[in-house]
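Participant: coords please:
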Amino acid sequence: MSRTSKDTELARRLSRRNILGVAAGATAATIIGTATAQAAGRDHTPGPGKGHGHGHGKGKPVLPPGRLGIQLYSLRDKISTLGFAPVFAELEKYGYDEIELAGYTQGSAGPITLPQLKRLAKDHGLNPIGSHVGYYDDNNPGAYTFAQNLEKVLDDAQALGLKHIGTASGPFRYGSTVDGWKRAADDFNKYGAAARKRGMKFYQHNHAEEFSFATDKPKVRLYDVLLAETDPDLVYLELDIYWAYCAQFRFSKRVDGTKAPLDPLKYVLKHPNRYPLFHVKDGVRDDTTRDGYRMSDVGDGDIDYTTFLSKVTNRTHHGRTYHHWQAEHDNPVESLAFARKSSEHLHSLREGRCGD
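Facilitator: So this is what the prediction gives:
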């Protein structure tokens, strides 16, 4: 199917809100169909002032074509019970282009080889764009991590045809001091060099704590140490936008109370080539919580993705072809409903309705 035909078909399905068909197997169909029926009954339109701007009509699409992915960690419950095949079938129907892996097994659905997984993704029009692997487990020399089994990790990534291979572990292996993060940066440079030899990019995915301050030099933001000490040609970054905004809430002041402004978008605009991947995760603002947000489905929260995506794609070099956007929710109420809603919402966003 051509891209134009695929987009036309997607638009038809989304407009009817009837994008769940018969999954592979009667059990999968029953589970998935029930979940979608429940989700379809909810009102997914954000409240006033949330800045999402559905904008189904006029305006340039904010989401570049062919760049919407999903982090499969969000769908781990369905993968572990139904297997990759029915999940991939649904993602294809929802209009996803890419997947980011979080493990290569499928629980009770039975064993699957890496060539089978690669082929299955291809059969459903899904490009495996990256994968999360642990950074280290120093108490277990056999651990499947970069530190303990770098070559095996890279072998598997290469077998899957991945262009990116990374970790969601924070660079805290040697502590929270500046020197500790310099040592972690050295590790990352090593992994990046090894990945580059195989035609891949090594990347690190942040949580909020990466933006905290060094324990020995409380005026120094640890994330800035990571940026400064890693080679930009070897180490790349996947910005989890939700956690970066949580960090803005938590770490815009130093321990002594002095201001330390933090703008996640400015990091990307200053270093656009370092951010090939993003996690598109949403949250409802709640100043009573530690992080300042409560995680929500994409489109139900307060993060202004119209502005964020349009600025990145329009103001960075090759912005509409370089960056990849992965929808994610750590613990969705119904994971397939989350995947459907996220695709529908992100495809609906148009420039000129909100943001500048």
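Participant: state the distance from L239 to G166.
Facilitator: 12 Å (Cβ to Cβ, to the nearest Å). C-betas here are computed from N, CA, C, even on glycine.
Participant: spit out the residues that contact those two alike.
Facilitator: Applying Cβ atoms under 8 Å, 6 or more residues apart in numbering, one finds that L239 and G166 are jointly contacted by L277.
Participant: more neighbours: those two, which one.
Facilitator: Neighbours were counted for L239 and for G166 using other Cβ atoms under 10 Å; G166 has more, 30 against 23.
Participant: please report how far that one lies from Q158.
Facilitator: Applying Cβ to Cβ, the value for G166 to Q158 is 14 Å.
Participant: run a quick neighbour tally on C246.
Facilitator: The number of residues near C246, taken as other Cβ under 10 Å, comes to 24.
Participant: where does the stretch 51-200 of the chain have low pLDDT?
Facilitator: Applying pLDDT under 70 to the stretch 51-200 of the chain picks out residues 51-57.
Participant: strands along that one, start to end?
Facilitator: For the stretch 51-200 of the chain, applying DSSP state E, counting those that start in this stretch gives strands covering 68-71, 98-101, 127-131, 164-167.
Participant: quick check: chain neighbours aside, which residue is closest to V178?
Facilitator: A214 (4.8 Å; Cβ to Cβ, 6 or more residues apart in numbering).
Participant: hmm, that neighbour is touching G175, no?
Facilitator: No: in this structure, A214 is not within contact of G175 by Cβ atoms under 8 Å, at 9.3 Å.
Participant: longest helix of this structure?
Facilitator: If you go by DSSP state H, the chain has its longest helix at helix 178-197.
Participant: hang on, the earlier thing: for the strands of the stretch 51-200 of the chain, give me CSV that also has distance to L154.
Facilitator: Rendered in CSV, the data for these read as follows (distance: least, Cβ to Cβ, whole Å):
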stretch, distance to L154
strand 68-71, 20
strand 98-101, 14
strand 127-131, 11
strand 164-167, 7
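Participant: figure out which of those strands is closest to R320.
Facilitator: For R320, the closest of these is strand 68-71, at 12.5 Å, according to Cβ to Cβ.
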